[in-house]
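> here you go, sequence then predicted model.
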Amino acid sequence: MTEGSIKSARRVFEVLEYFDRIRMPVSLTQICDQFGYAPSSGSALLKSLVQLGYLEYDKRSRTYLPTMRIALLGSWVATDLFGGLNILRLMEDLRDATGETVVLAARSDLQVQYVHVVHSNEALKFAVAPGTLRPLALSGFGRLLLSAEKNADIEATVRRIDARRAPHEAKINQRALMADLEAVRDEGFATSDSRVTPGVCTMGVLLLPTPFGRRFALGVGGPSVRINSKSTAILGFLRDAASIFEKAVKQASTTDG
């Protein structure tokens, strides 16, 4: 795959994710200013998405807006992937209960990716974007996901991470990591306070493997002071959400069987 084709694909998703964030019609100028596209490149991209049926163009306002084709394209993912449970609604309920930003995370090779994010309504919040990547062995969500794996597989992963590290980066302390993962397994949750982002604390729990065998972590994040002050309540809400998820997955498994 060429660099050009990767760049083109990235731009398509950049535009679609931008619409998801702002939820209103936008002009060519807005898109180009947001991502630094040349007007000619931005125009060609948007016109292509219109021709493919993913965007519609309003001549009067000279703005673009996603069509229902976008809404239906991945609509099955939010339910079928999670045993019929509407994971987005579950995350919104968790956000309302905790008052904090909610994150659904999954492993992506040697990193963790924030698959979906429901932001807190607080002015001061954990403002992370969907698609964000974090180090697998250094982040809270990463260690949570690693804790579900066999020790031999974890050791192999650590070797791969160390093999790819930059010269200025320190090797992973495998003994300390394994001790941390054992604690996560025993406690059933993981907390990361200023580990990656100073002043930000996250708490998360593992979810039962989905019908397609994917493994996710569900958690919340916010200012350390605020998260620590209500950590017991947050953990209770997280475990309640994980229980709801588990029931849905098991029920789907029974139905399919």
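Structure's in. What do you need? Residues are numbered from 1 along each chain as shown.

> contacts and neighbour counts: CA atoms only from here.
OK.

> OK, contacts around the nearest residue to residue 15 once chain neighbours are set aside?
In space, and not counting its chain neighbours, residue 15 is closest to residue 31: 7.4 Å by Cα to Cα, 6 or more residues apart in numbering. Listed by Cα atoms under 8 Å, 6 or more residues apart in numbering, the contact partners of residue 31 are 15, 37, 42.

> going by distance to residue 64, which of those wins?
Of all the contacts of residue 31, residue 15 has the smallest distance to residue 64: 10.6 Å, by Cα to Cα.

> which secondary structure element contains that closest one?
Element membership of residue 15 [criterion: DSSP states H and E] is helix 3-22.

> what comes up buried for that helix?
The neighbour-count check on helix 3-22 (16 or more other Cα atoms under 10 Å) flags 11, 15, 16, 19 as buried.

> burial of residue 246, as a residue count?
Close neighbours of residue 246, defined as other Cα atoms under 10 Å, add up to 19.

> that one and residue 84, how far apart?
11 Å (Cα to Cα, to the nearest Å).

> residue 232 now?
Separation of residue 232 from residue 84 (Cα to Cα): 29 Å.

> please identify the helix or strand for the closest residue to residue 105 other than its chain neighbours.
Residue nearest to residue 105 in three dimensions, not counting chain neighbours: residue 114, with 4.5 Å by Cα to Cα, 6+ apart. Here residue 114 sits within strand 111-118, counting by DSSP H and E.

> from residue 30, how far off is residue 236?
43 Å.

> and for residue 191?
From residue 191 over to residue 30 the distance is 39 Å, taken as Cα to Cα.

> ok, these two, which is more surrounded?
residue 191 (23 against 13).

> and that one, what pLDDT?
On pLDDT, residue 191 comes in at 96.

> the strands in this protein, which residues?
Remark: strands assigned in the chain by DSSP state E are 26-27, 55-58, 63-66, 101-108, 111-118, 133-135, 190-193, 200-206, 216-223.
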